[in-house]
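Trainee: Predicted model follows, preceded by the sequence.
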Amino acid sequence: MNLKRKEAEKLAARTPSFEEMTASLHAGPRLARGMIRETRDVVAYCRKFCDEVVRPQVLELDRGLHEDPDHLPWDFVKKANEWGFYSLWIPRLLGGHGVNFSSLSYAMEEIGSVCLAMANLIGVHYLGFGTLTSSGNARLMRRLAQDVVAGEKSGEPCLISLAITEPGAGTDVEEVDLVDKANLGCQARRVDGGYEVNGSKVFISNGHLSTWHMVISYSDLARPSETTVMMAVKTGMKGFSFGRHEKKMGQRACPASELVFNDCFVPDELVALDDRIAQTFTRSQRETGQQMIDYVVSTSRAAVGAFGVGAARGAYEAALKFASETVVDGELLVNHEWAQCWLAEMLKNVTLGRLAYAETNYANGLYGMFKLLHEEPMFSIMRLTPRFIYERYVAPLLEKPGATAFYRKRSYDGQSSCEQHRTSGLASIAKFAGTDFGIKNCQMALAFMGEAGLRQDRGAEKHLRDAKLLQIYEGTNQLNRLNLFKCLIACGCDGARVFEEKEGGLS
Amino acid sequence: MKEGKDRELSLLAKAAGEFGAKVLAPSREENDQYPFGPLFEPALTRAFDLGFLHAGLPENLEGLGDRLAPLCALLENVARDDASMAAVILTTAFAQNILLEAGEEERFKSFAGGSWTWADVLMAAPLFRDPTETAPGLTAEKRGETFVLSGKSDYVVLGGIAKRAVLPALDQAGALGYYLVDLGGWGIRKSGPVFSLGLHACPAADLEFSGAEALSVGKAGDGGKLFRAVSQRFSVAAAAVLSGIMRGSFKEAADYAKKRQQGGKEIIRWSELRMILASMVQGVRSTGMLVTEACRLWDAGDPKRRSAALSAFLHAAEAAISATTDGIQALGGVGYMKDFGQEKRFRDAQHLSAAFGILPRKKLALLKLTMAGE
């Protein structure tokens, strides 16, 4: 290859950039040695959890929730708490078990392949915690993490939810370019010593089950993109209550709640991020707002992609079992050639979906939220340092403003726009590919199984009911396609604009 | 489907649509709660009064006659608002037609009585499960003039609420036949309603027989022939139900898109949303045309009617699954909730498609018909 270095760099930078194509190649050599074994142990632990906790109750719980839609699955949540799932992915620095974040996606695939609702009862907690992490507020992160760990010890689970969707605005609140035109109704008005919140949030997963709620609101509804406020609200605070519990088609065990705020005062100590703090960053408040969203969704969308892969896998496994047990036209179905190709297509969907979320997580490790804790020597230091050292010497440092300032500087100012777009774009691919594969496989399983697949007691139909929600939340798959366009296509396409469509022609 | 200038068909379609909108739609969510809520008996009573539950019978028995088009027009327009009722009509008509195909018309006269209600008319069947594809779990043994049934028949649609069922069974010589059973008789154990993906108000039950008395339907060994004749014809009826589900889904999606705002304007003004609606329209229109054409060929006795019927069903199944998936997507989060009709349509479309049996195998059956020149 007769290329000069500059020429090679220029050619590799062409769209698609070499970095965009090869996150795993870049990440491989930097992976900490202990990460593979740790991830394997997480997968094994989840399989054991599925065998002993999830599978024995999945269908009965789903049926019970049709009989009594207001039932809350505390028994399962307490069991997951007992198994340590609510602190497993919280860093040791904050008192958790400190398992690597990437393994969360594999865990969600494992549990989701048996029951997406139960996977959500665990995964959504980390959406709440991840949102708080994106604020970089080390003091508040420590406070909530301590509550989670204490809840694990006492047997009283402490979950964290994320409250962002409003009755009049779903997709709009996931994009800075849309939020200024959104029909918002929940306002956090600045008052002495904090904010006063009024309005409601809807479709909040795990709302009724959570102790803490990371609430995203706006101090000026006319300029939401510049006045975003992220705060922690605790169940029981004055002026905060739960509204209705939505009647969903699937994922019945994971409640979607309405959160109601009526002159709810949130003190400054519970404010994770607002426009005053955002002013201290290098980027504009609007850009910081988008970066914060991208930090969160780049991890959460990979996890939702993993949920989708879980559904795809659950459906595939149900179809394979059916084919291995059912005689059609005098021959086991699994021995019909067309059926073998049908099953192969389903396994392809599972595998491609998994590759997409794995690649996104490599990007998160290289450029995003996982970066700080996944690289050596930090990875090993975190595991080798005795817990009392953290508690006695490190934890008090987190209370200092300097810790928060360092974390924010490293996370926000240390990430380039290209890195932000690359990670966010890959996450959107993982999300809509994984969840589309999920739906596709569920529909293929039912077409393959005929009437046997329709019975709730066979499990296959539940995967379909559960999976449909995945194409909607964490940004609809349409929004994720547009985000992919914005992040990885528009930059190489002169004149391209997103979210500014002119009407005309066939409109 | 297109009613064209057929005034009778148009009136029937209108009556069915009004029944759906006025009787079914207001209680759709409540009716769908079955078996965890009450069965929609008031709606069944009204359907009976309107003659919808007799739809599969000949005109002299108060039915819609031998033509397929009226039955399809009825089913499509009822299904727009609640496919469960359409499935009740479809299942009963399917079972009725097994008897008619076997030349057992006289039997219906013996069922009718002075205090005839919806419960007397309903007839259960394992709907479209092909007894030649997977062998039935029932055996029939001759005892004098009648037969006794033993074994299991799983997932008999309306098996828990109908008074009679038409079921496939193997006789002592291994020949496949159909048998008419009084479900209130001795030797029958019924499960509770089988909790299933969709069509909740058209429930199925698992039936277990231990020496239950039954009457043979048609000639011994004719089961496969009877099933093929009736299921091929009724695959068009099933396609009509799917077409109705799609039409309902599109209407609700389009209505919502005109009201819901995003990015400062109604979502229908965003072209990606319009593209979703356009795909739904494509499915609605193409399915409607195929159902209309299949009805025409069937009613004309065209030699290619069987392959036309199966094509219409296979297309309708794919189109309805796709359109109802989009139908939820167009509404976003609320589309997933039971307050709206979209999630039910999504389940019902998938349910009816899969209830027809192993779908890819139906494609192979279509190829076989085509290669045989049909």
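Mentor: Cool, the structure landed. All values reported here derive from a predicted model rather than from experimental measurement. Numbering: from 1, shown residues only, chains lettered A, B, ... in the order given.
Trainee: contacting residues around A:Pro73?
Mentor: Going by C-beta atoms under 8 Å, 6 or more residues apart in numbering or on different chains, A:Pro73 touches A:Leu61, A:Leu65, A:Leu121, A:Leu209, A:Ala253. Bear in mind the C-beta positions are built from the backbone N, C-alpha and C, glycine included.
Trainee: what does A:Gly199 give?
Mentor: A:Glu166, A:Gly185, A:Cys186, A:Gln187, A:Ser217, A:Phe261.
Trainee: show me the contacts for the first one.
Mentor: For A:Glu166, the contacting residues are A:Val173, A:Ala182, A:Asn183, A:Leu184, A:Gly185, A:Cys186, A:Gly199, A:Ser200, A:Lys201, A:Val202, by C-beta under 8 Å, 6+ apart.
Trainee: where does the stretch 101-250 of chain B have low pLDDT?
Mentor: B:112-115 (pLDDT under 70).
Trainee: ok and the residue in it nearest chain A?
Mentor: B:Leu197 (3.8 Å; C-beta to the nearest C-beta).
Trainee: Which pLDDT value does the model give the closest residue to that residue other than its chain neighbours?
Mentor: Distance criterion C-beta to C-beta, 6 or more residues apart in numbering or on different chains; nearest residue to B:Leu197, sequence neighbours excluded, is A:Glu461 at 3.8 Å. The model reports A:Glu461 with a pLDDT of 97.
Trainee: these two touch, right, A:Glu461 and A:Leu454?
Mentor: Yes: in terms of C-beta atoms under 8 Å, A:Glu461 counts as a neighbour of A:Leu454; the distance is 5.6 Å.
Trainee: for chain A, what's the longest helix?
Mentor: Longest helix in chain A by number of residues (criterion: DSSP state H): helix A:285-325.
Trainee: Between the contacts of A:Glu166, identify the one with the most neighbours.
Mentor: Of all these, the most densely surrounded is A:Lys201 (28 neighbours; neighbours counted as other C-beta atoms under 10 Å in any protein chain shown).
Trainee: near chain A, which residues of the stretch 1-150 of chain B show up?
Mentor: Contacts of the stretch 1-150 of chain B with chain A, taken as C-beta under 8 Å from any C-beta of the partner chain, map to B:Phe36, B:Leu127, B:Arg129, B:Glu133, B:Thr134, B:Ala135.
Trainee: ok so the first one is a helix residue?
Mentor: Put plainly, it is B:Phe36. No: counting by DSSP: H, G, I helix; E, B strand; the rest coil, B:Phe36 falls outside a helix, being coil.
Trainee: Pull the contacting residues for it.
Mentor: A:His66, A:Glu67.
Trainee: swap in the fourth one?
Mentor: Contacts were defined as C-beta under 8 Å, 6+ apart; by that measure B:Glu133 touches A:Val328, A:Asp329, B:Gly357, B:Ile358, B:Arg361.
Trainee: Show me just the buried residues among these.
Mentor: A:Val328, B:Gly357, B:Ile358, B:Arg361 (16 or more other C-beta atoms under 10 Å in any protein chain shown).
Trainee: Out of those residues, list just those in strands.
Mentor: Among these, the members found in strands (DSSP state E) are A:Val328.
Trainee: of all the buried ones among the contacts of B:Glu133, which two lie farthest apart?
Mentor: Using C-beta to C-beta, the pair of the buried ones among the contacts of B:Glu133 lying farthest apart is A:Val328 and B:Gly357, separated by 9.6 Å.
Trainee: what about the closest residue to chain A within the stretch 151-300 of chain B, neighbour count?
Mentor: Using C-beta to the nearest C-beta, the closest approach of the stretch 151-300 of chain B to chain A is made by B:Gly264 at 3.1 Å. Per other C-beta under 10 Å, the neighbour tally for B:Gly264 reads 13.
Trainee: same question, the one 10 residues further on
Mentor: Using other C-beta under 10 Å, B:Arg274 has 16 other residues around it.
Trainee: In helices, which of the contacts of A:Glu166 fall?
Mentor: Using DSSP H, none of those sit in helices.
Trainee: can you put these in CSV and add pLDDT and distance to A:Leu88?
Mentor: Converted to CSV, the contacts of A:Glu166 look like this (pLDDT from 0 to 100; distance: C-beta to C-beta, whole Å):
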residue, pLDDT, distance to A:Leu88
A:Val173, 90, 29
A:Ala182, 93, 35
A:Asn183, 93, 38
A:Leu184, 95, 35
A:Gly185, 94, 36
A:Cys186, 96, 32
A:Gly199, 98, 34
A:Ser200, 97, 32
A:Lys201, 97, 27
A:Val202, 97, 29
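Trainee: Verify the stated contact: A:Tyr90 with A:Phe129.
Mentor: Small correction: residue A:90 is Ile, not Tyr. Yes: using C-beta under 8 Å, A:Ile90 is in contact with A:Phe129, at 6.6 Å.
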